[in-house]
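> Pasting a predicted model and its sequence here:
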Amino acid sequence: ETGVTQSPTHLIKTRGQQVTLRCSSQSGHNTVSWYQQALGQGPQFIFQYYREEENGRGNFPPRFSGLQFPNYSSELNVNALELDDSALYLCASSFSGRYNEQFFGPGTRLTVL
Amino acid sequence: AQSVTQPDIHITVSEGASLELRCNYSYGATPYLFWYVQSPGQGLQLLLKYFSGDTLVQGIKGFEAEFKRSQSSFNLRKPSVHWSDAAEYFCAVGASGNTPLVFGKGTRLSVIA
């Protein structure tokens, strides 16, 4: 069974640029959630995708957007990067059902200069 | 509002000593509770979870946690800490289905000889 994978591991961008982060969900999972973890903080929910549709969103601006593909992998896109977007971005996959057990990937460390 | 409070930002214990990490939550629905561990630069690993039933739950690596509804708490314990337990620990709360997890800010555990 393959776990959750994310790419790239690290990324450095400059303010105003755009970035795409990728996540492959665990085998058998149909739901992907994205979280932002700023330095010294707990993860904060960005949004979730279920069956290729956005299925909930946290308090993040529209320049944070995403996609889910038929194989349940997902992308997180951030436009017009700001310095405060520097963080660890975590992807979590789960199977929609009664038990909300989410499995996390290793994360992508984004640095915005 | 949904929230998780981890009152201790940093705890230092001696190897072999017992450990208790505190977690209090505020959640409108029946809570599902989780403890995750994060090593430096890594993603989140699930230690244990509580959905229903026995309020004392066992997890991996010798950890356990007790759900106390009257105190809105879900404290994590380990009888004898090992140096490899040094990491950041996060308590999280969610509900059934695909609801997003709400995380605390974490407790950093240091282990000294």
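On my side now, so go ahead. Residues are numbered from 1 along each chain as shown, chains lettered A, B, ... in the order given.
> which stretch of helix or strand covers the residue nearest the centre of chain A?
In chain A, the centroid-proximal residue (C-alpha atoms, centre = their mean) is A:Trp34; its distance is 3.2 Å. For A:Trp34, the host element (DSSP states H and E) is strand A:31-37.
> So for that strand, what gets flagged as buried?
By neighbour count with 16 or more other C-beta atoms under 10 Å in any protein chain shown, strand A:31-37 contains the buried residues A:31-37. Any C-beta I mention is one placed from the backbone N, CA and C, and that applies to glycine too.
> repeat for stretch A:7-20
A:13, A:19.
> And stretch B:15-26, by the same measure?
Under the neighbour-count criterion of 16+ other C-beta under 10 Å, stretch B:15-26 has B:19, B:21-25 buried.
> Stretch A:50-57 too?
Buried, per 16+ other C-beta under 10 Å, within stretch A:50-57: A:50, A:55, A:57.
> Any residues of chain A in contact with chain B? List them.
A:4, A:6, A:31, A:33, A:35, A:40-45, A:48, A:50, A:55-56, A:58, A:90, A:92, A:94, A:96-107, A:109 (C-beta under 8 Å from any C-beta of the partner chain).
> element containing the most centrally placed residue in chain B?
Closest residue to the average C-alpha location of chain B: B:Trp35 at 3.5 Å, with C-alpha atoms, centre = their mean. Taking DSSP H and E as the definition, B:Trp35 sits inside strand B:32-38.
> so what does that strand touch, helix or strand wise?
Packing contacts for strand B:32-38, counted by 3 or more C-beta pairs under 8 Å, 6 or more residues apart in numbering or on different chains; DSSP states H and E, involve strand B:45-50, strand B:64-68, strand B:73-78, strand B:87-94.
> coming back round to it: do I have it right that the residue nearest to the centre of chain A meets A:Cys23?
Yes - using C-beta atoms under 8 Å, A:Trp34 makes contact with A:Cys23 at a distance of 7.5 Å.
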